[in-house]
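Q: Sequence first, then the predicted structure:
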Amino acid sequence: MDVRVREDASRKSAAVSRTGGIRSAIEIPRVRPDSGPEAVLAALASEIPGAETRTLDGTAALRSERDVPADAAQGVDVAHRRVEYFLPIPDSTPDQYLAFSFSALIAPGSDPAFYDTLVELFDAVMGTFRWTYA
């Protein structure tokens, strides 16, 4: 990654933290320039355990799901189940992407079937995703 890009991302991330926001970053593995979104999705899928490809409104997407344990040192106060979708914006030049994320807090001693149901609901919502152009 270009040093200037990394420094800019670090400054923006620190500013988000100072204002109480949530930081999130997706590191994209290196791919050949102009190799297209399919190569980026394939590279991400190889780096993210349990990632799978899906199609949303005719566009290839990557979906991942994982349980995130509480870890105060990492800024994660409560355990949660996280589902993320990563999809390219069709016909964007240069390639641009959207990320959708859902987290369900995991209460100690609760029934995991409840979180499975919440994940199914989020997947159903994402299944209704449609591209529209103004």
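A: Perfect, thanks for sending it. Treat the numbers as computed from the prediction; the structure is a model and nothing was measured. Numbers count the residues shown, from 1 in each chain.
Q: Which element, helix or strand, includes the most centrally placed residue in the chain?
A: Central residue of the chain (CA atoms, centre = their mean): E84, 4.0 Å from the mean position. Element membership of E84, judged by DSSP states H and E, is strand 80-88.
Q: Likewise for A43?
A: Here A43 is assigned to helix 37-47, by DSSP H and E.
Q: Buried residues of that helix, list them for me.
A: Buried positions in helix 37-47, judged by neighbour count with 16 or more other CB atoms under 10 Å: 37, 40-45. Where you see a C-beta, it was placed from the backbone N, CA and C, and this is true even at glycine.
Q: now stretch 72-91
A: Here stretch 72-91 shows 80-81, 83-88 as buried, counting by 16+ other CB under 10 Å.
Q: still on that earlier bit, in terms of secondary structure, what does the helix or strand following the strand holding E84 contact?
A: Next helix or strand after strand 80-88 toward the C-terminus (DSSP H and E): strand 97-105. Here strand 97-105 touches strand 80-88, helix 112-127, going by 3 or more CB pairs under 8 Å, 6 or more residues apart in numbering; DSSP states H and E.
Q: between those, which gets nearest to P94?
A: Nearest of the helices and strands packed on strand 97-105 to P94, taken as CB to CB: strand 80-88 at 10.8 Å.
Q: show me where pLDDT drops low in the protein?
A: 1-30, 33-34 (pLDDT under 70).
Q: Kindly recompute the last result at 50.
A: Within the chain, the stretches with pLDDT under 50 are 1-3, 5, 19-21, 23.
Q: who's sitting farthest from the centroid in it?
A: Outermost residue of the chain (CA atoms, centre = their mean): G109, 27.1 Å.
Q: and that residue, what element?
A: Counting by DSSP H and E, G109 is found in no helix or strand.
Q: So the residue nearest to the centre of the chain is in contact with F100, correct?
A: Yes. Counting by CB atoms under 8 Å, F100 is a contact partner of E84 at 6.9 Å.
Q: before we move on, back to that, the helix or strand that the helix holding A43 is followed by versus strand 80-88: what angle between them?
A: As assigned by DSSP H and E, the chain's next helix or strand after helix 37-47 is strand 52-56. Here strand 52-56 points in a direction 60 degrees away from that of strand 80-88 (axes from the mean of the first three to the mean of the last three CA atoms, to 10 degrees).
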